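Asks: Prediction below, plus the sequence it came from.
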Amino acid sequence: MKVTYPHMGNLTIGVKAMFGRLDLEVVEPPPISKRTLTLGVQHSPEFACLPFKVNLGNFLEALERGADTIVVAGGKGPCRFGYYGQSQAEILKELGYDFHYVTVESVDNGKDKFAAGVKALANGKSAWEVVAAIHYGYRKLAACDLAERLSHRVRPRERHRGAASAAYRESLEQIDRCRSAGEVKRASREIRRRFAAVPVDRERPVLKVGIIGEIYFLLEPYVNLHVEERLGYLGAETERTLYLSEWVKRHLLLAPLGVNPEHHYARDAAPYLTTEIGGHGRENVGKAVQYARAGFDGLVHICPLTCMPEIVGKSLYPQVSQDHGIPVLSLSLDEHAGEAGFETRLEAFVDLLGRRAVRERRS
């Protein structure tokens, strides 16, 4: 079995670690590139969202490398993510590829379906060995998220442009090389020291911006046009609603035990939205309120064009902004998004936040 999967942020570091513990051969898709996107767009329905197209491009490039098994996560409506697996499988079969498709359904779709997906990848390992493999992958992803959070904190304050990004890349390479949980733990300590050694200007005024939106756009820098790095260079420290290790902890470690840690946002979202709308739509509304109450200077909402849950959320953010006095910039992107216009909108938004912060300090 030669297993592959879609790219999403630092997912590959954790997935390689997990599958390695299960003695599965991993065929990593090439890093997302213009070719990846071109392949995905060429063979996807025009109305499909950008994550669908990029994922399909990932699979095509991985199949070219010899993969014979594609692994994806499942989901349920009304977000279209739950239909990705079946739709992409049909497209790839029509193109003549021979492969096996494994969908690991969410626990919300039934524990039996979730267990069936996990069993298909267990490779004869015991339940304990499977849990240990998932936990090892989680530990690596948690270390990656630590490095990413530190880069967001240091970047707007760094004295030498690019120092935080260099420390971040070095940290990811170190985590990827780790071969045990003990090495990951030591790497985490070194990551903290590495970022602490980056020269910073502690007197520099820094804005605080919350990033909310669709999960793939939050986690994958290629599709969000490196929004957090751009904001950091513009003088804004960012914090987003979801990190990959948190998703793994919720859905692969806690949910099978019947634990639901997602209730915390429902109360804050309730004045605007009382029901689930798919994806992380309601969670984003609740987190927007929480960020406003925490004193953030502004919010950037980013999502794929045509994403239904985020379209609903987008219609609510003007009221959240008015009620809580926090500016919100909504960005809906597809494969035609241009970097120049994107950068200009971020610059204008940060300038607005900066002028607003100055007025508030004077008043």
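Replies: Done, it's in. Numbers count the residues shown, from 1 in each chain.

Asks: Please make it C-alpha for all contacts and neighbour counts, starting now.
Replies: Noted.

Asks: Output the residue ranges of the helices in the stretch 201-350 of the chain, listed in chain order.
Replies: For the stretch 201-350 of the chain, the helices defined by DSSP state H, counting those that start in this stretch cover 215-219, 227-233, 244-248, 266-269, 281-293, 308-324, 339-362.

Asks: In JSON lines: these, plus mean pLDDT, mean neighbour count and distance to Lys2.
Replies: JSON lines is the format used below for those (pLDDT from 0 to 100; neighbours: other CA atoms under 10 Å; distance: least, CA to CA, whole Å):
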{"stretch": "helix 215-219", "mean pLDDT": "95", "mean neighbour count": "22", "distance to Lys2": "24"}
{"stretch": "helix 227-233", "mean pLDDT": "98", "mean neighbour count": "21", "distance to Lys2": "34"}
{"stretch": "helix 244-248", "mean pLDDT": "89", "mean neighbour count": "18", "distance to Lys2": "23"}
{"stretch": "helix 266-269", "mean pLDDT": "92", "mean neighbour count": "18", "distance to Lys2": "41"}
{"stretch": "helix 281-293", "mean pLDDT": "95", "mean neighbour count": "23", "distance to Lys2": "35"}
{"stretch": "helix 308-324", "mean pLDDT": "95", "mean neighbour count": "17", "distance to Lys2": "34"}
{"stretch": "helix 339-362", "mean pLDDT": "94", "mean neighbour count": "13", "distance to Lys2": "36"}
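
Asks: pLDDT-wise, which helix or strand of this structure ranks last?
Replies: Least confident helix or strand of the chain, by mean pLDDT, DSSP states H and E, is helix 111-121 with a mean of 87.

Asks: by contact count, what packs against that one?
Replies: When contacts are defined as 3 or more CA pairs under 8 Å, 6 or more residues apart in numbering; DSSP states H and E, helix 111-121 sits against strand 100-104.

Asks: in the strand it packs on, what's buried?
Replies: Burial within strand 100-104, assessed by neighbour count using 16 or more other CA atoms under 10 Å, is assigned to Tyr101, Val102, Thr103, Val104.

Asks: Repeat that for stretch 68-86.
Replies: The neighbour-count check on stretch 68-86 (16+ other CA under 10 Å) flags 68-75, 79-82, 84-85 as buried.

Asks: middle-most residue in the protein, spatially?
Replies: Leu219 (2.1 Å; CA atoms, centre = their mean).

Asks: Pull the number of nearby residues for the closest residue to it other than its chain neighbours.
Replies: Sequence neighbours aside, Gly9 is the residue nearest to Leu219 in space, at 4.9 Å (criterion: CA to CA, 6 or more residues apart in numbering). For Gly9, the count of nearby residues is 18 (other CA atoms under 10 Å).

Asks: contacting residues around Gly9?
Replies: Going by CA atoms under 8 Å, 6 or more residues apart in numbering, Gly9 touches Leu219, Glu220, Pro221, Leu244.

Asks: hmm, which two among these are most spread apart?
Replies: Across the contacts of Gly9, no pair lies farther apart than Pro221 and Leu244, at 13.0 Å, counting by CA to CA.

Asks: the inter-axis angle of the least confident helix or strand of the chain versus strand 100-104?
Replies: Interaxial angle, helix 111-121 versus strand 100-104 (axes from the mean of the first three to the mean of the last three CA atoms, to 10 degrees): 140 degrees.

Asks: what's the helix or strand following helix 111-121 packed up against?
Replies: Toward the C-terminus, helix 111-121 is succeeded by helix 127-154 as the next helix or strand (DSSP states H and E). Where contact means 3+ CA pairs under 8 Å, 6+ apart, helix 127-154 is packed against helix 11-21, helix 163-177, helix 181-196, helix 227-233, strand 236-240, helix 244-248.

Asks: what's the spacing between the fourth one and its chain's center?
Replies: In terms of CA atoms, centre = their mean, to the nearest Å, the centre of helix 227-233 is found 15 Å from the chain centre.

Asks: what does it rub up against?
Replies: By CA under 8 Å, 6+ apart, helix 227-233 touches His152, Arg155, Pro156, Arg161, Pro221, Glu237, Thr238, Glu343, Leu346, Val350.
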